[in-house]
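Engineer: The following comprises the amino acid sequence and a computationally predicted model.
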Amino acid sequence: MRGCAFVLLFAVVVLGAAAWFGSGPVASAAIGAALQGSGYRSTDTRITVTAEPPPRLLLGHADRVAIDGSDVDWQTLHAGRVKLLLEDVDLFGRTADRVTGSIDDARIDDGRGGTATASSIEVAGPLAAAEATITVEEDTVRGLVLAAAVSRLPVEVTDVELIGPDRLRLVTPGATVEGSLVVDPDGTLGFSTPLGSLPILRIDPASRLTLRSADVIGGKLRLLGTLDLASLLRG
């Protein structure tokens, strides 16, 4: 009887240890499979799933899921580094209440064969509608405006200046034109003047990123919008 009791106790200890220490790696593997199913690809991604106590993961709940990826491609989004923290995650339902994090060296397809470049995208809020703060360097804005001006303006633009709080100045050989940075209802960033408007940047609607407004902070362009990351977990 003592031998049977010992075997039973030993089995309980082993199963408890497996639930305590093994649930995290299993949950991480499940999250990784969901990411791949959603079109996520990277050269290296670390996924850390935590819950207190750890066996709660076996019931399908994680307090936090941390995703840290390098050289990431996800649908129309490409990035040098992605760091996201998902909170209150339903592993079975593949949902999360909140996400925070950053997407650095980002490139987003414009739906016309080109890409829009941002030095960083900071996200915070509900997984399906996170607030996105996008920073675009002045040189990048200059390149976008000059490229748009070549095909749409009858004069040569020699320089582009960002002016706070939400203004843009175009310099031509004969004049200087100043106007406002605006985001059209379809999400296109444009340069608006009394003489007309010049589209500057378009985001592919399939990117799940919706732009709302634009301003100039510290000599850089800041775009505000929402980013839907819910399909990351749905595979």
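Structural biologist: Yep, it's here. Residues are numbered from 1 along each chain as shown.

Engineer: can you give me the helices in this structure?
Structural biologist: Assigned by DSSP state H, the helices in the chain fall at 2-37, 138-152.

Engineer: how does this protein divide up, domain by domain?
Structural biologist: 2-113, 138-224 (automatic domain parsing).

Engineer: Output stretch 174-184 in PDB with nothing but the alpha carbons.
Structural biologist: Coordinates of each C-alpha in stretch 174-184 appear next as PDB, following Å, rounded to 0.1, in the frame of the first residue of the first chain:
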ATOM      1  CA  GLY A 174      10.000  81.700 -58.200                       C
ATOM      2  CA  ALA A 175       7.900  81.500 -55.100                       C
ATOM      3  CA  THR A 176       7.200  79.900 -51.700                       C
ATOM      4  CA  VAL A 177       3.900  78.100 -51.200                       C
ATOM      5  CA  GLU A 178       2.600  77.300 -47.700                       C
ATOM      6  CA  GLY A 179      -0.400  75.200 -46.700                       C
ATOM      7  CA  SER A 180      -1.800  72.700 -44.200                       C
ATOM      8  CA  LEU A 181      -1.300  69.000 -43.700                       C
ATOM      9  CA  VAL A 182      -4.600  67.300 -43.900                       C
ATOM     10  CA  VAL A 183      -5.900  63.700 -43.800                       C
ATOM     11  CA  ASP A 184      -8.800  63.100 -46.200                       C
END
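
Engineer: Can you mark which positions in it are buried?
Structural biologist: Neighbour counts over stretch 174-184 (16 or more other CB atoms under 10 Å) mark V177, G179, L181, V182, V183 as buried. Where C-beta positions appear, they are placed from N, C-alpha and C, glycine not excepted.

Engineer: about what we covered before: looking at the domains of the chain, which is closest to L232?
Structural biologist: When the domains of the chain are compared by CB to CB, domain 2-113 sits nearest L232, at 5.4 Å.

Engineer: and the nearest residue to L35 once chain neighbours are set aside, what is it in contact with?
Structural biologist: Sequence neighbours aside, L232 is the residue nearest to L35 in space, at 6.2 Å (criterion: CB to CB, 6 or more residues apart in numbering). Shown in contact with L232 (CB atoms under 8 Å, 6 or more residues apart in numbering): A34, L35, S38, Y40, W74, L127.

Engineer: Now neighbour count, distance to T100 and pLDDT too, for those residues, in TSV please.
Structural biologist: Shown next, in TSV, are the contacts of L232 (neighbours: other CB atoms under 10 Å; distance: CB to CB, whole Å; pLDDT from 0 to 100):
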residue	neighbour count	distance to T100	pLDDT
A34	18	19	91
L35	21	18	94
S38	17	19	93
Y40	21	18	95
W74	21	17	94
L127	23	10	96
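
Engineer: which one of those residues is nearest A96?
Structural biologist: A96 lies nearest to L127 out of the contacts of L232, by CB to CB, at 4.7 Å.

Engineer: Report the contact partners of that closest one.
Structural biologist: By CB under 8 Å, 6+ apart, the contact set of L127 is L86, T95, A96, D97, R98, V99, D228, L229, A230, L232, L233.

Engineer: ok, the fifth one to P54 distance?
Structural biologist: Distance, R98 to P54, by CB to CB, to the nearest Å: 21 Å.

Engineer: What of the first one?
Structural biologist: L86 sits 17 Å away from P54 when distances are taken as CB to CB.

Engineer: repeat for the fourth one
Structural biologist: Summarising the geometry, the distance separating D97 from P54, computed by CB to CB, is 20 Å.

Engineer: Low-confidence ranges, this protein, go.
Structural biologist: By pLDDT under 70, the weakly predicted segments of the chain are 1-24, 235.
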